[in-house]
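*Asks:* coordinates only, sequence not included:
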C-alpha cells in the first residue's frame with residue numbers, strides 16, 4: 001500500500017472516531033484520550049496527523065458543514081420549491097435523521113462553539129450561511145409582502161427572531177447520545193418559520 005493511501009485511511013479512521021466523540025459529547029467533555037482508548041488508536045499516531053484537540057475538532061466541524069451543504073445543494077431546486085427555506089429545513093432534517101452525530105456537531109458549532117475557536121468556526125460556517133441566505137432571498141422574491149413591509153424589513157425581522165430562537169436552543173442541555181433532541185428542534189424550527197411567515201391568527205379571526 002502506498003504511503004499516501006495509508007495516510008488517507010489513517011486520517012479517515014481518526015475522523016470516524018472523532019465524529020463519534022464530538023458527536024456524543026460537547027467539545028469540553030470530549031478528549032483525545034477517550035478517542036484513542038475507545039478506538040485502539042495511539043496518541044502518537046493521532047498527534048502525527050492532527051496537532052491538537054482543537055485542530056481535530058475544527059476538522060470535524062468542517063467535514064460536517066461540507067457534507068451538510070453538499071447534501072442540501074444536491075437536493076436544492078429553488079426554481080421549483082414552493083418555499084426554498086422550508087425545503088432547506090426539511091432537507092437538513094432528513095440529513096441529520098440519517099447522520100445524527102453530525103447533527104449534534106453542526107448545532108454545537110452553530111449555537112455554542114468553543115469561545116477560543118469561535119472565529120475559526122464562524123469562517124467554516126460561512127459557505128453554509130451564504131447558501132441559507134440565498135434560500136431566504138429567493139423565498140422573499142416569490143412571496144407577496146404586506147403593504148408597507150420591505151424585503152429588508154422582512155430580512156431584519158427574520159434574523160432577529162432566528163437569533164432569539166437559537167439563543168433559546170443554546171441555553172438548553174443538548175444531552176448525550178445520537179441525535180439527542182435534534183429532530184424535535186428541527187420540527188420547532190419549521191413551526192417557528194411558519195409562524196413568522198403566516199402569523200398566529202387565522203384569516204377568519206383577522207376579519208372578526
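*Replies:* Nice, I can see it. Remember, it's a predicted structure, so these values are computed and weren't measured experimentally. Numbers count the residues shown, from 1 in each chain.

*Asks:* how many neighbouring residues does the residue nearest to residue 165 when sequence neighbours are not counted have?
*Replies:* Once flanking residues are discounted, residue 165 sits nearest to residue 192: 5.6 Å by Cβ to Cβ, 6 or more residues apart in numbering. Using the backbone N, CA and C atoms, a C-beta is placed for each residue, glycine as well. Residues contacting residue 192 under the criterion other Cβ atoms under 10 Å number 16.

*Asks:* isn't residue 140 right up against residue 152?
*Replies:* No. Using Cβ atoms under 8 Å, residue 140 makes no contact with residue 152, being 9.5 Å away.

*Asks:* so between those two, which is more surrounded?
*Replies:* residue 140 (16 against 9).

*Asks:* ok, the more buried one - contacts?
*Replies:* With contact set as Cβ atoms under 8 Å, 6 or more residues apart in numbering, residue 140 has these partners: 151, 154, 155.

*Asks:* which of those lies closest to residue 17?
*Replies:* Nearest to residue 17 among these, counting by Cβ to Cβ, is residue 155 at 40.9 Å.

*Asks:* give the burial count for residue 60, as a bare number.
*Replies:* 25.

*Asks:* how far off centre is the helix or strand it falls within?
*Replies:* For residue 60, the host element (DSSP states H and E) is helix 53-75. Relative to the chain's own centre, helix 53-75 is displaced by 9 Å; criterion: Cα atoms, centre = their mean, to the nearest Å.

*Asks:* so which strand or helix has the residue lying closest to residue 26 once chain neighbours are set aside?
*Replies:* Nearest residue to residue 26, sequence neighbours excluded (Cβ to Cβ, 6+ apart): residue 108, at 6.4 Å. Using DSSP H and E, residue 108 sits in helix 100-111.
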